[in-house]
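S.K.: got a sequence here, can you build the structure:
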Amino acid sequence: MEFDFTWVLLGFPIAFTLGWLASRLDLRQLRIENRQAPKAYFRGLNFLLNEQQDQAIDAFIEAVQNDPDTSELHFALGNLFRRRGEYERAVRVHEHLMSRGDLTQPERNRAQHALALDFLKAGLLDRAEVALRKLEGTSYEEQARLALLSIYERSRDWARATEIAAKLDSASHGSFSARQAHYLCEQALAAAASGDTGQALDRLRLAAGIAPASPRPLIDLAKLQTQLGQHQEAFSTLLTLEKTAPLALPLAAGLLGNIAQHSSQQQAALDLLKTNYAQTPSIDVVEAIIKLDTASNAPREWYIRHLAREASLVAAAKWTAGEKLGNDHQHGLVQRALDKATQPLMRYRCAACGFEATQHFWHCPGCQAWDSYPPRRIEEL
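M.R.: The predicted model follows:
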């Protein structure tokens with residue numbers, strides 16, 4: 001049987017026509033999908049701008065389904081999940097990005113940073129630390145170190161916090177010397193509590209050398225020296241404090257008075273306190289002066305002197321406590337009212353969040369800020 005080439009000639013146009021139609025259908029479908037993806041993306045942006053996060057998430061999920069290869073959509077979706085508190089879904093999105101082989105190195109670093117933030121927000125500090133450590137040497141290195149610093153502060157891992165702060169300081173990302181000094185002081189407190197006073201002294205002296213203008217290392221050092229019976233050394237430490245950070249002396253004024261009485265340095269301490277008071281009046285310094293001033297009328301004179309410089313309700317209440325106002329019953333009522341009114345004025349207040357406390361904190365319990373408490377009572381602010 002002979003093969004008829006006529007059918008072959010007829011088949012070529014038919015095959016070409018079918019192929020052309022198929023390609024047109026594919027192109028048409030591609031155009032439809034490409035139109036749908038941008039529409040879903042811009043719809044998601046519109047929802048996001050209007051603070052409609054639920055609708056924005058739905059729109060971005062639709063956009064990702066239509067265009068699964070677009071990394072920007074994944075980043076937007078993952079960040080939305082994190083902001084919504086849906087950390088597991090955010091982690092899945094960013095882990096999916098990390099598993100893709102076509103991701104560029106900058107995008108991979110970005111996904112690694114986003115994944116670390118997911119773990120951090122979820123409170124998974126161990127996994128966040130591992131993820132952040134992988135960002136060393138990348139463009140996210142500084143942000144990763146700052147996040148690591150926050151982790152170590154929250155976990156009170158002061159040794160690692162000191163290491164990270166030193167790296168940030170050496171990389172010229174601002175001065176972290178004061179922060180390093182605080183970490184060393186925290187280590188010194190732990191060492192002293194465990195009985196290792198030698199290490200505690202070394203840590204405090206190192207902290208004072210790293211941050212000479214920081215008052216905490218010197219105050220903590222003077223306290224520890226006093227506990228060890230080294231009163232003369234403690235007095236010298238507070239002399240240094242008055243030279244390097246005179247505004248912080250009110251925090252150690254009472255300590256200075258006690259040390260002076262044990263080291264026979266009452267007159268030197270009194271002169272120091274009077275000099276400091278002349279520059280920056282403070283009720284704490286007044287109290288320390290009264291403790292050292294042996295004159296019988298010293299309390300009344302110093303409270304009146306303070307009232308002449310500052311309109312202090314605290315000083316007025318202390319002055320009336322030693323005066324006779326009416327009969328005993330009337331005086332007791334007035335004094336009780338004054339004492340109650342002055343109690344809030346004797347607190348310290350965080351300048352960052354407004355958290356008030358009866359004691360001075362170097363690290364705010366409310367907002368976790370360092371050095372946010374002025375060394376002065378609320379009344380004196």
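S.K.: so which helix or strand takes in the residue nearest to residue 282 when sequence neighbours are not counted?
M.R.: Nearest residue to residue 282 in three dimensions, chain neighbours excluded: residue 250, at 4.2 Å (CB to CB, 6 or more residues apart in numbering). Quick note: C-beta positions are derived from backbone N, CA and C, even for glycine. Remark: residue 250 resides in helix 249-263, with elements defined by DSSP states H and E.
S.K.: just the buried positions in the helix or strand following that helix, please.
M.R.: Per DSSP H and E, helix 249-263 leads on to helix 266-279 as the next helix or strand towards the C-terminus. Neighbour counts over helix 266-279 (16 or more other CB atoms under 10 Å) mark 269, 270, 272, 273, 276, 277 as buried.
S.K.: which pLDDT does the model give the third one?
M.R.: Right, residue 272. On pLDDT, residue 272 comes in at 93.
S.K.: what's the answer for the one 10 residues further on, then?
M.R.: Looking at residue 282, its pLDDT reads 92.
S.K.: grab the nearest non-local neighbour of residue 237.
M.R.: residue 222 (4.3 Å).
S.K.: ok, that neighbour touching residue 254?
M.R.: No. The criterion here is CB atoms under 8 Å, and residue 222 misses it with residue 254 at 11.5 Å.
S.K.: that older thread, just give me the neighbour total for the residue nearest to residue 237.
M.R.: 26 (other CB atoms under 10 Å).
S.K.: where's it, which helix or strand?
M.R.: Short version, using DSSP H and E: residue 222 is in helix 215-227.
S.K.: in that helix, which residues are buried?
M.R.: For helix 215-227, a neighbour-count test (16+ other CB under 10 Å) marks 215, 216, 217, 218, 219, 220, 221, 222, 223, 224, 225, 226 as buried.
S.K.: quick one on the thing from earlier: who's in contact with the residue nearest to residue 237?
M.R.: 234, 237, 238, 241, 252, 255, 259 (CB atoms under 8 Å, 6 or more residues apart in numbering).
S.K.: put the alpha carbons of the host helix or strand of the third one into CSV.
M.R.: Element membership of residue 238 [criterion: DSSP H and E] is helix 231-244. As requested, C-alpha coordinates have been extracted for helix 231-244 and formatted as CSV (Å, rounded to 0.1, in the frame of the first residue of the first chain):
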residue,chain,number,x,y,z
HIS,A,231,36.3,52.9,104.8
GLN,A,232,39.2,55.0,103.7
GLU,A,233,39.2,53.4,100.2
ALA,A,234,35.4,53.9,100.1
PHE,A,235,35.9,57.6,101.0
SER,A,236,38.5,58.1,98.2
THR,A,237,36.1,56.4,95.8
LEU,A,238,33.3,58.9,96.6
LEU,A,239,35.8,61.7,96.3
THR,A,240,36.4,60.6,92.7
LEU,A,241,32.6,60.4,92.2
GLU,A,242,32.2,64.0,93.2
LYS,A,243,34.8,65.0,90.6
THR,A,244,33.6,62.8,87.7
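S.K.: and that helix, which residues are buried?
M.R.: Buried, per 16+ other CB under 10 Å, within helix 231-244: 231, 233, 234, 235, 236, 237, 238, 239, 241, 242.
S.K.: now that helix against helix 215-227, angle please.
M.R.: Orientation check (axes from the mean of the first three to the mean of the last three CA atoms, to 10 degrees): helix 231-244 against helix 215-227 gives 170 degrees.
S.K.: ok, and what's touching helix 231-244?
M.R.: For helix 231-244, using CB under 8 Å, 6+ apart, the contacting residues are 212-213, 215, 218-219, 221-223, 225-226, 248-249, 252, 255-256, 259-260, 262-263, 265, 268-269, 272, 276.
S.K.: make it 6 Å
M.R.: 212-213, 218, 221-222, 225-226, 249, 252, 256, 259, 262-263, 265, 272 (CB atoms under 6 Å, 6 or more residues apart in numbering).
S.K.: of all those, which comes closest to residue 356?
M.R.: residue 252 (21.2 Å; CB to CB).
S.K.: the closest residue to that closest one other than its chain neighbours and residue 179, how far apart?
M.R.: Leaving aside its chain neighbours, residue 252 sits nearest to residue 219 (5.0 Å; criterion: CB to CB, 6+ apart). From residue 219 across to residue 179, the span is 17 Å (CB to CB, to the nearest Å).
S.K.: over to residue 217?
M.R.: 12 Å.
S.K.: using CSV, list the CA coordinates for stretch 374-381.
M.R.: Extracted C-alpha coordinates of stretch 374-381, given in CSV (Å, rounded to 0.1, in the frame of the first residue of the first chain):
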residue,chain,number,x,y,z
PRO,A,374,17.5,61.2,87.2
PRO,A,375,19.5,61.2,90.5
ARG,A,376,17.0,63.5,92.1
ARG,A,377,13.7,63.1,93.8
ILE,A,378,10.4,64.0,92.0
GLU,A,379,10.1,67.2,94.0
GLU,A,380,13.4,68.4,92.7
LEU,A,381,12.8,67.7,89.0
